[in-house]
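S.K.: compute the structure for the input listed below.
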Amino acid sequence: MKGNRKHSSNLLASRRGGWKSVLPLVAGLLLSVMSTSAFSALDRIGDFALLDSGGTFHQLSRYQHRKALVLMAYAQDCSAMDSLLESYTSIAQQHSGDEFEFLLIDTQDLDRPELSALGTELPILEDDGQLISETLDIVGAGEVLVLNPERLSLFFKGQPTQELASVLASIIDEGVSDTVRQSGAGCEIVYPQKLLHAESPPDYASEVAPIIIENCADCHRQGGVGPFALDSYIMALGWSPMIKEVLLNKRMPPTQVDPYIGHSAGARYLDPDDVQTLVHWINNRAPRGESEVDPLEAFAARDNSAWAFGEPDFIVTGPSNEVPAIGVMDYVYDDAQLPFEEDKWLRAIEYKAGDESVLHHLMTFVTPPEEDFWGAERESESVTRRFVESYLPGKINAVEFDQGTGVLIPRGHKLSMQFHYVTNGQSTVDETQVGLYFSDESDLKEKMTQAVASRFVLPPNDHDFEMRAQHILDKDVVITGVRARMNFRGKRMKFVVESPDGQMKELFSVPAYNYGWQPHYLLDQAEAVQAGSTLRVIGAFDNSASNPSNPDPNKEVTFGLESWEEMFTGYFTFYEQ
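M.R.: Sure thing, here's the model as predicted:
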């Protein structure tokens, strides 16, 4: 999995052998500055997204606050690389105040530790599997692309020369209407997997379908929350252009996180080799292959109606929530009264959506009679609460708590639930069930959640409004999970622990926050944290036109708990040591 990629550099080096290095051309650079005389408008390109070597998310279409995104191909083994980089950096410095964004892109498929060791001044994008370099048709090291984020088009493709500087000056004056292409290339970029798959495309039944089953088919099925079903070869073929698009711009799979910071089985990691397999299969006309059995059809026939842990000890049935065919629904809140005459300890929980096609997420807290769903979070920036679990589409929503721990439901308390629905063109009614499993043990450690938040005023047209929040622990705890919570303008959030002696440990990072997906990430490795440590939440908002979810970038937004307001809250799930 991609989440384990940082541990597999030796394996990757062995598998890929010597092809990760570029092949130097005979005499450095051919710098013929003859530009083509274009007869058409700017050449179109596709949207794409990558993390850089520092874990920051970059997406072309999210740079609309800039006049252009400038990208240079970087190849570590190219003998001319230092000279090329010096020229490119010089041009970047000349235009530092002109609303351009200058980046590098790794064309050799290096891992993050290798990229970080390069020490480049400019951010360098991690192009796993070389797919974006390949898609942008990068031929040689030092090749520069000047991209139009608003129209997803190409201003310039060439070398870091005066020609590039002239094009940037023309963009400032809005004088570039046709793509300018400059001949010449540095060291050749080799795409061995592209060549291999061109000769022998990935097999649908044995290679492609298993990836779709593992990563897509739980949502993209009949009755699922995905907008179309991937339940046969014909459906995969028909939707293949869309599949390629959302893979390259990282819109899917959802809830992607930084694979180099922590790990959670609940995150939607997608191995770069699997992405490469899917995209190359699509690029090679998506062949059906020779298999008589269609694995997607067989997978679609499975039955998930049974409870994962057997019949629950108690079933809470949610309200009958009507969901219209179209429109945007605000959150629906409901309190479920419980009839228990004594305290109860939960050892596990399972959600069963009434209509999986519209229920997008569901959060549940244990609350006393006088509190609503938000409880003390309405008034305080740091609150300890009883969080049960969350529902997320596309998987079996059954969670068994760590051995020796549980969620306490004190006598007289209730469940407070927040429902988020998406419309899909058909009106329906959702009546979700929550299966509760009790423990007979009496000495369990109570699983709690620490909400760590900030109050703020978010200015208009700010593409990177940085935020921080913190809480100092007064006892030793074990952190088992985290959850990021912002609204439409949320951009990123990272969870960090600072020990009393000042050492920082990054637990988890959500570099591309999406309001539509708010999972509770259970950590594969729980983190023991001593008293006196500081829990830190570090992130940012994007209140600009570059944020496709932003209702109004010209609006100043204040803190609030409703969807039309903004909040910045990181949740740390823990139990005391």
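
S.K.: please enumerate the helices of the stretch 351-500 of the chain.
M.R.: With DSSP state H, counting those that start in this stretch as the definition, the stretch 351-500 of the chain shows no helices.

S.K.: neighbours of Thr179, how many?
M.R.: Neighbour count for Thr179, taken as other Cβ atoms under 10 Å: 22. (Each C-beta comes from the backbone N, C-alpha and C, glycine too.)

S.K.: I figured it hits Leu145, correct?
M.R.: No: in this structure, Thr179 is not within contact of Leu145 by Cβ atoms under 8 Å, at 10.2 Å.

S.K.: just the element for Ile171, please.
M.R.: Element membership for Ile171 (DSSP states H and E) is helix 162-172.

S.K.: ok so, going back, list the residues that contact both of Thr179 and Leu145?
M.R.: Residues touching both Thr179 and Leu145 by Cβ atoms under 8 Å, 6 or more residues apart in numbering: 154, 156-157.

S.K.: which segments of this structure make up each domain?
M.R.: 14-192, 201-300, 303-446, 447-577 (automatic domain parsing).

S.K.: what's the residue closest to the geometric middle of this protein?
M.R.: Nearest to the geometric centre of the chain sits Gln256, at 2.8 Å (Cα atoms, centre = their mean).

S.K.: kindly state the pLDDT recorded for it?
M.R.: pLDDT for Gln256: 85.

S.K.: before we move on, back to that, which of the shared contacts of Thr179 and Leu145 lies closest to Thr384?
M.R.: Leu154 (52.5 Å; Cβ to Cβ).

S.K.: tell me if that closest one really is in a helix.
M.R.: No: secondary structure assignment (DSSP: H, G, I helix; E, B strand; the rest coil) places Leu154 in strand, not in a helix.

S.K.: in the sheet, who's paired with it?
M.R.: Asp43, Leu147 (DSSP bridges).

S.K.: point out where this structure drops to low pLDDT.
M.R.: Residue ranges of the chain with pLDDT under 70: 1-40, 301.

S.K.: for the residue of it positioned farthest from its centre, give its distance to Lys250.
M.R.: Ranking residues of the chain by C-alpha distance from their mean position (Cα atoms, centre = their mean) puts Glu341 at the top, at 43.5 Å. From Glu341 across to Lys250, the span is 50 Å (Cβ to Cβ, to the nearest Å).

S.K.: thought Ala141 was touching Gly186, still the case?
M.R.: Yes: the pair Gly186 / Ala141 is scored as a contact, 4.0 Å apart, by Cβ under 8 Å.

S.K.: can you pull the residues that touch both of the two?
M.R.: By Cβ under 8 Å, 6+ apart, the residues touching both Gly186 and Ala141 are 75, 78, 80-81, 84.

S.K.: can you lay out those residues as JSON lines showing distance to Gln418, secondary structure and neighbour count?
M.R.: Output for the shared contacts of Gly186 and Ala141, formatted as JSON lines (distance: Cβ to Cβ, whole Å; DSSP: H, G, I helix; E, B strand; the rest coil; neighbours: other Cβ atoms under 10 Å):
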{"residue": "Ala75", "distance to Gln418": "49", "secondary structure": "coil", "neighbour count": "29"}
{"residue": "Cys78", "distance to Gln418": "53", "secondary structure": "coil", "neighbour count": "27"}
{"residue": "Ala80", "distance to Gln418": "57", "secondary structure": "coil", "neighbour count": "18"}
{"residue": "Met81", "distance to Gln418": "52", "secondary structure": "helix", "neighbour count": "19"}
{"residue": "Leu84", "distance to Gln418": "52", "secondary structure": "helix", "neighbour count": "25"}
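
S.K.: and which of these is nearest Ser427?
M.R.: Ala75 (55.1 Å).

S.K.: which non-adjacent residue is nearest that closest one?
M.R.: Using Cβ to Cβ, 6 or more residues apart in numbering and skipping residues adjacent in sequence, the residue nearest Ala75 is Ala141, 3.7 Å away.

S.K.: what does Glu143 give?
M.R.: Ala73 (4.5 Å).

S.K.: do you know how far that neighbour is from Gln162?
M.R.: Taking Cβ to Cβ, one finds Ala73 at 19 Å from Gln162.

S.K.: and what of Ser96?
M.R.: 18 Å.

S.K.: please enumerate the strands of the stretch 51-200 of the chain.
M.R.: Assigned by DSSP state E, counting those that start in this stretch, the strands in the stretch 51-200 of the chain fall at 57-59, 68-74, 100-106, 124-125, 144-148, 153-158, 180-181.

S.K.: sorry, back to before: got the phi/psi numbers for the residue nearest to Ala75?
M.R.: phi -60, psi 140 (degrees, to the nearest 10).

S.K.: number of residues surrounding it?
M.R.: Around Ala141 there are 29 residues (other Cβ under 10 Å).

S.K.: for it, which residues are in contact?
M.R.: Counting by Cβ under 8 Å, 6+ apart, Ala141 has contacts 22, 73-75, 78, 80-81, 84, 107, 185-187, 189.

S.K.: between these, which is nearest Ser499?
M.R.: Tyr74 (35.7 Å).

S.K.: for burial, what's the neighbour tally of Gln94?
M.R.: Counted with other Cβ under 10 Å, Gln94 comes out at 12.

S.K.: Pro241 too?
M.R.: 11.

S.K.: next one: phi and psi at the residue nearest to it when sequence neighbours are not counted?
M.R.: Spatial nearest neighbour of Pro241, excluding adjacent residues (Cβ to Cβ, 6+ apart): Ile282 at 7.5 Å. Here is the backbone geometry of Ile282 (degrees, to the nearest 10): phi -70, psi -40.

S.K.: right, and Ile282 touches Lys244 too?
M.R.: Yes: under the criterion of Cβ under 8 Å, Ile282 makes contact with Lys244 at 4.9 Å.

S.K.: show me where the stretch 351-500 of the chain has strands.
M.R.: Going by DSSP E, counting those that start in this stretch, the stretch 351-500 of the chain shows strands at 359-367, 382-391, 398-400, 405-409, 414-421, 428-430, 433-438, 445-446, 448-454, 457-458, 462-472, 477-485, 490-498.

S.K.: what's the first helix or strand after the last one?
M.R.: On the C-terminal side of strand 490-498, the nearest following helix or strand under DSSP H and E is strand 504-510.

S.K.: strands paired with that following strand, and their directions?
M.R.: strand 490-498 (antiparallel).

S.K.: what sits against the residue nearest to Glu143?
M.R.: 104-105, 107, 133, 138, 140-144, 189.

S.K.: ok, Glu371 next?
M.R.: So Glu371 contacts Ser416 (Cβ under 8 Å, 6+ apart).

S.K.: distance of the spatially closest residue to Asn554 that is not a sequence neighbour relative to Asp552?
M.R.: Using Cβ to Cβ, 6+ apart and skipping the chain neighbours, the partner closest in space to Asn554 is Pro460 (5.0 Å). As judged by Cβ to Cβ, Pro460 and Asp552 stand 8 Å apart.
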